[in-house]
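Participant: The sequence isn't on hand, but the structure is:
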DNA sequence: GCGTTGTGTTTTGTATGCAGTTTACATCTC
DNA sequence: GAGATGTAAACTGCATACAAAACACAACGC
């Protein structure tokens, strides 16, 4: 099957007037999407030749892209044995949630202090978009806006370093979401939490926003862990000493 | 001058019995050291051909190493115009300190909960090594153990994700340390803070440890900013296209 | 039958070649 | 002399070629 549009041809259309993007960047974005969206599942072996053919490029930019994704934690490099989509071990995911929690708390504090009224208006707009999709039961679209809200919240904290690290971790965790199935009651509850979040943000009530973010994340962790435990062998790697 | 030992030959000695390391990894570590140690100063242009000759390798592994360092933030990639050692803008450094603060606070909490007694003994040993070098006025060695203590503290928190992110940010900030000149009184104070830190850790007093870490980092920021303001022109927002 | 060794194939790691872009610099114009 | 324009050199980006390692599997020995 050669139905896939190669990056080379796809990029060609845009190149003309806009700033030329580098091939390995295109590849990186493309692969990241494929991994995050679940098109390439955790543990999948990434054969260079196959991927090159599929993306219509040579090995050099592909390998460069893989290096980037490896340092983002989405890909694992096995010396002399190629690359694979990083497995989603529950222990690792827990770790990431702990760090994410700390970063979201920081973002909550900063955003209350630094966000402009326009920023908050923007977040509110995204929020109502999300609520609309929730009302219509459109899960995929709901997720989309949900993600956008969280990203936007962190961005409005005005710390590019924070944003970058958050995005990386978030992309990694996001992969698990596609396995989780959200019950109606939990979905409703998540939306309620978002309502509270928006309220706290509008009032710029940092402590309350942080508390809500913390709870929200904790609930998310429960969901993700349930999803992972289904796919992961019961042999628990619980190494508390 | 061709006095530099190439990576190829240097690696050759070790390769025989131990696990073979990949060239681009060697290069990465080597370059990272050169950047962090201040051998390659912020803003330095990294010419591929020159670096290849200096390290005795071809362009492919060098470019792969640069990609990795770029995502760590130590190197900046300018499309079609090569790479340079990432400049140390004071705004960026401030950002990184804010995030580092949040991460160290997290580490402080986790380490009090998760560290084994052996871990703490290890940190104590490092501490006394550091104090000894302080007593002898050996700044370089002092820095070495200082760094090791902070890294070890984070490691003992038992969260590999946290460690990885911390290392990346820390390496970036560390570059500025080599510009800072530490006055006697400030040095003494830093050591005192470390004494308190150890005490709080031994008692596993998380809130107090966090407070000390926060102050310690704030003092470090002051030092770094002073060093940067000397080297950074006051009106520096020159955006070359 | 099971494990071991050897060989051919596949795949990864590194070097090199080629094309397009940027940069440096000399020439020309005002 | 300052700025604009054109051309040559240098450098980067990508593709490909070559070398070395890993893998698959068959033949062999126990």
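Facilitator: Sure thing, it's come through. Given the structure is predicted, the values throughout are model-derived calculations rather than measurements.
Participant: Pass me the low-pLDDT residue ranges in chain A, would you?
Facilitator: Residue ranges of chain A with pLDDT under 70: A:1-20, A:230-241.
Participant: residues from it in reach of DNA strand D?
Facilitator: Proximity of chain A to DNA strand D, by C-beta under 7 Å from any atom of the strand, involves residues A:8, A:22-24, A:57-61, A:64, A:80-81. Bear in mind the C-beta positions are built from the backbone N, C-alpha and C, glycine included.
Participant: Adding secondary structure and distance to residue B:229, write those residues out as a markdown table.
Facilitator: Formatted as a markdown table, these follow (DSSP: H, G, I helix; E, B strand; the rest coil; distance: C-beta to C-beta, whole Å):
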| residue | secondary structure | distance to residue B:229 |
| --- | --- | --- |
| A:8 | helix | 47 |
| A:22 | coil | 35 |
| A:23 | helix | 40 |
| A:24 | helix | 37 |
| A:57 | coil | 45 |
| A:58 | coil | 46 |
| A:59 | helix | 46 |
| A:60 | helix | 42 |
| A:61 | helix | 40 |
| A:64 | helix | 36 |
| A:80 | coil | 47 |
| A:81 | coil | 48 |
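Participant: And the residue of chain A that's closest to DNA strand D?
Facilitator: Per C-beta to the nearest atom of the strand, residue A:23 is where chain A lies closest to DNA strand D, at 2.7 Å.
Participant: Hmm, that residue is touching residue A:61, no?
Facilitator: Yes - taking C-beta atoms under 8 Å as the definition, residue A:23 is a contact partner of residue A:61 at 4.1 Å.
Participant: filter the residues of chain A next to DNA strand D down to the ones near DNA strand C?
Facilitator: Checked against DNA strand C using C-beta under 7 Å from any atom of the strand, those yield the following neighbours: A:59-60, A:80-81.
Participant: which one of those residues is nearest residue B:227?
Facilitator: Of all those, the one sitting nearest residue B:227 is residue A:60; the distance, using C-beta to C-beta, is 39.2 Å.
Participant: circling back to that earlier point, just the buried ones from the residues of chain A next to DNA strand D?
Facilitator: Among the residues of chain A next to DNA strand D, those buried by neighbour count (16 or more other C-beta atoms under 10 Å in any protein chain shown) are A:23-24, A:57, A:61, A:64.
Participant: Report the two of those residues separated the most.
Facilitator: Greatest spacing in those, by C-beta to C-beta: A:57 and A:64 (10.4 Å).
Participant: If we go by neighbour counts, what in stretch A:146-161 is buried?
Facilitator: Buried residues in stretch A:146-161, defined by neighbour count with 16+ other C-beta under 10 Å: A:146-150, A:152-159, A:161.
Participant: nope, stretch A:58-77 is what I was after
Facilitator: For stretch A:58-77, a neighbour-count test (16+ other C-beta under 10 Å) marks A:61-77 as buried.
Participant: Distance from it to the middle of the chain?
Facilitator: When distances are taken as C-alpha atoms, centre = their mean, to the nearest Å, stretch A:58-77 is centred 17 Å away from the chain's centroid.
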